[in-house]
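1. I need the structure of the sequence given here:
(chains A and B)
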Amino acid sequence: MPFWRGAQNDARCVISDKDRFRTVVLPHLDDCYRLARWLTGNRADAEDVVQEACLDAFRGITGFNGSHPRAWVLTIVRHAAYRWLRKNRPAALVVVDDLEALSVPGAQIADSAATPEAALIAQADTARLEGAIAALPVPFRETLVLRDVNGLDYRDIADVTGVPIGTVMSRLARARRRLITTLRTNDP
Amino acid sequence: MIAPASKSDKNLLVHGYLDGELDPAHALELEQALAADPALAAERDSAQALSNLIRDRLAGERAPAGLRSRIDSAVGLPRARPRPTWGMLAAASVLVAVMASGTTWLTVRPPQAETAEMVVADHLRALIAPQPTDVSSTDRHTVKPWFNGRVQQAPKVVDLTREGFPLIGGRVDVIGRVPVPTLVYRHRQHLISLTAVPATSVYAPARRTIAGFNVLEWSDNGVRYWAVSDLGASDLDSFAKAFRAAEPE
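-> Here you go, the predicted model:
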């Protein structure tokens, strides 16, 4: 029974933190895991990060205002993942190249004889795709994962990552362009 | 959003366009640019191919079953609570007395908003349940007859796989003590619950957000529809458009 069906005979205030946690956080567990898996770079650490984030979410559930639960939960996962990165992969958080400042190059037009770029991408090997995503700097990787793996819209991505929507779009464009370039070249 | 000026800006906006994030005016402008510029069109094709690749290969990964049970037990542990004081007990008994005295203080909502809330509740329930459907099938010839005898009127069932919204099944929800049919569609990793209720009047399409879920409602041919999903509003719009345009054979 959905929680507020029963609540009608009762009172809304009796909904416990546990019930709220179950309805707000747990439906998004797969999304949490996917984000953590790509931020930490491995599945075992992702599980620890998600578990820690869930405890944080549970402790903070009374302060949650009820809108955009998925973005709220993913924000907490991201914080937990950043804590993990600072401790275990501090180098990953140092932005070496100033990617944001670069302009976005466009696609290369194939010669009539060559295979179009899009066709090369579509055939790319999964291991190479994973490697290329893992090689992206964290701000670009998280934006790409939130959009193409988690399926968030730009507004929610902006909320989760704490940047303006315009930055979301430019990071996404640069992340995708970089992956396209990697997957297109050095074909075996 | 600022109007695209340079080529580099267009290369950026093409991603916003693919993701359905541009406003109609910029989308139109970009479509014209795409038609005129083969390099820009190639960028769109590559980006689309990449998004599809990531979605197909990586977006389906699920949290390990063990993780969920670990979290359940971590959260289910009794937390350290302050022992109740006499004052708190007194306050609690007053609250119980107020609650027992009647339900007049509960918010009375208009029936429409109430229905939308119930539809969202059913969707939420479906997300938490082991499976979101009572009948799981991508075949509409299996799903539609399953509703016969279970609800007053079997709904229109169409397959929207080609439009990017594959049918995954159906279930019976209960709204105000009446069993109603709900179809379940998928878009990327997101579920869409589409509840169909016979209606006598015509309702203008309306959109709202409840508990973070987008809800879209409309009516067609004497049936009222509610679509609920955590998809973005524009994706849900595309779904509604595809569903309304589709003709059952």
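
2. contacts, neighbours, all on C-alpha from now
-> Fine.

3. so chain A: which segments form each domain?
-> A:13-91, A:100-184 (automatic domain parsing).

4. out of these, nearest to B:T115?
-> domain A:13-91 (18.7 Å; C-alpha to C-alpha).

5. does the helix or strand encompassing B:A242 reach chain A?
-> Per DSSP states H and E: B:A242 is located in helix B:233-245. No. Interface with chain A: helix B:233-245 contributes nothing (C-alpha under 8 Å from any C-alpha of the partner chain), its closest point being 8.9 Å away.

6. touching that helix from outside, list them.
-> Helix B:233-245 has contacts (C-alpha atoms under 8 Å, 6 or more residues apart in numbering or on different chains) with B:20-21, B:158, B:160, B:163, B:165, B:214, B:216, B:220, B:227, B:229.

7. ok, the most centrally placed residue in chain A - contacts?
-> Nearest residue to the geometric centre of chain A (C-alpha atoms, centre = their mean): A:L146, 3.2 Å. Shown in contact with A:L146 (C-alpha under 8 Å, 6+ apart): A:35, A:152, A:157.

8. closest to B:P130 among those residues?
-> Nearest member of the contacts of A:L146 to B:P130, counting by C-alpha to C-alpha, is A:L35, at 22.1 Å.

9. quick one: neighbours of that closest one, just the number.
-> Residues near A:L35, counting by other C-alpha atoms under 10 Å in any protein chain shown, number 25.

10. and the helix or strand it falls within, what other elements does it pack with?
-> Taking DSSP H and E as the definition, A:L35 sits inside helix A:29-40. Helices and strands touching helix A:29-40, as assessed by 3 or more C-alpha pairs under 8 Å, 6 or more residues apart in numbering or on different chains; DSSP states H and E, comprise helix A:43-60, helix A:69-88, helix A:138-144.

11. buried set for the host helix or strand of A:T23?
-> Assessed by DSSP H and E, A:T23 sits inside helix A:17-24. By neighbour count with 16 or more other C-alpha atoms under 10 Å in any protein chain shown, helix A:17-24 contains the buried residues A:20-24.

12. within reach of chain B, which of those residues are there?
-> Within the set of the buried residues of helix A:17-24, contact with chain B (C-alpha under 8 Å from any C-alpha) is found for A:T23.

13. quick one: which of the buried residues of helix A:17-24 is nearest chain B?
-> Nearest to chain B out of the buried residues of helix A:17-24 is A:T23 (C-alpha to the nearest C-alpha; 7.2 Å).

14. from A:V160, how far off is that closest one?
-> Separation of A:T23 from A:V160 (C-alpha to C-alpha, to the nearest Å): 20 Å.

15. per-domain residue ranges of chain B.
-> B:7-53, B:111-245.
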